[in-house]
Each structure stands twice: as C-alpha cells, then as structure tokens.
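Peer 1: how does the following fold in three dimensions:
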Amino acid sequence: MADDNTGTTYIDVADAAQVLNVSRAAIRRQIASGRLPCLRFGPRLWRISRADLEEFAEQLRTGGDEA
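Peer 2: So this is what the prediction gives:
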C-alpha cells in the first residue's frame, strides 16, 4: 500500500484481487477493459487507488459487470 501527497491510498494488483476475492488475472482484465482505473509505472508495476477499487466493488454489488 502506498500514499501519494494528496492522501490517496494505492494498492497493487495482488492486494486488489485479495480485497475482491478474485484472481490477479481478473483484476488485470478489468483494468485492460477500462472498467477499473489504475496508474501504470511500467509493464508490471500497476497501482489502483483504494477509492476506485471501492467504487468498482460497489458497482459489482449493485449488479454491474462480473470481475
């Protein structure tokens, strides 16, 4: 987990997968489709804001797309 200077908390793909109880591949698919925003710092270093992940999880709970 990391914080930027705006107070936003970021987590990596593995942590996001654990929060949603899905595979890392499922998280990567959601990122690739544009449904889950992330910051990319290279081909393998991706960070997802905790707020974006919570919003995505809420969409899933209310009948949005599956992870």
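Peer 1: lowest confidence element among the helices and strands of the protein?
Peer 2: Every helix and strand of the chain was ranked by mean pLDDT, DSSP states H and E. The lowest is strand 2-3, at a mean of 60.
Peer 1: buried stuff in the helix or strand just after that one?
Peer 2: Using DSSP states H and E, the next helix or strand after strand 2-3 towards the C-terminus is strand 9-12. Using 16 or more other CB atoms under 10 Å as the test for burial, strand 9-12 gives 10-12. Every residue, glycine included, has its C-beta placed from N, CA and C.
Peer 1: what sits up against the helix or strand following strand 9-12?
Peer 2: Note on strand 9-12: by DSSP H and E, the next helix or strand toward the C-terminus is helix 13-20. Residues outside helix 13-20 that contact it (CB atoms under 8 Å, 6 or more residues apart in numbering): 1, 11, 23-24, 26-28, 31, 36, 46, 48, 53, 56-57, 60, 67.
Peer 1: circling back: with pLDDT and distance to residue 41 added, can I get the buried residues of strand 9-12 in JSON lines?
Peer 2: Compiled in JSON lines, those are given as follows (pLDDT from 0 to 100; distance: CB to CB, whole Å):
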{"residue": "10", "pLDDT": "95", "distance to residue 41": "10"}
{"residue": "11", "pLDDT": "96", "distance to residue 41": "14"}
{"residue": "12", "pLDDT": "96", "distance to residue 41": "11"}
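Peer 1: can I get the residues you listed in TSV with distance to residue 40?
Peer 2: Formatted as TSV, the buried residues of strand 9-12 follow (distance: CB to CB, whole Å):
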residue	distance to residue 40
10	12
11	14
12	12
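Peer 1: can you flag the buried ones in the contacts of helix 13-20?
Peer 2: Using 16+ other CB under 10 Å, the buried ones in those are 11, 26-28, 31, 36, 46, 48, 53, 56-57, 67.
Peer 1: what number of residues lie near the residue lying closest to residue 51 once chain neighbours are set aside?
Peer 2: Nearest residue to residue 51, sequence neighbours excluded (CB to CB, 6 or more residues apart in numbering): residue 8, at 6.9 Å. If you count neighbours by other CB atoms under 10 Å, residue 8 ends up with 14.
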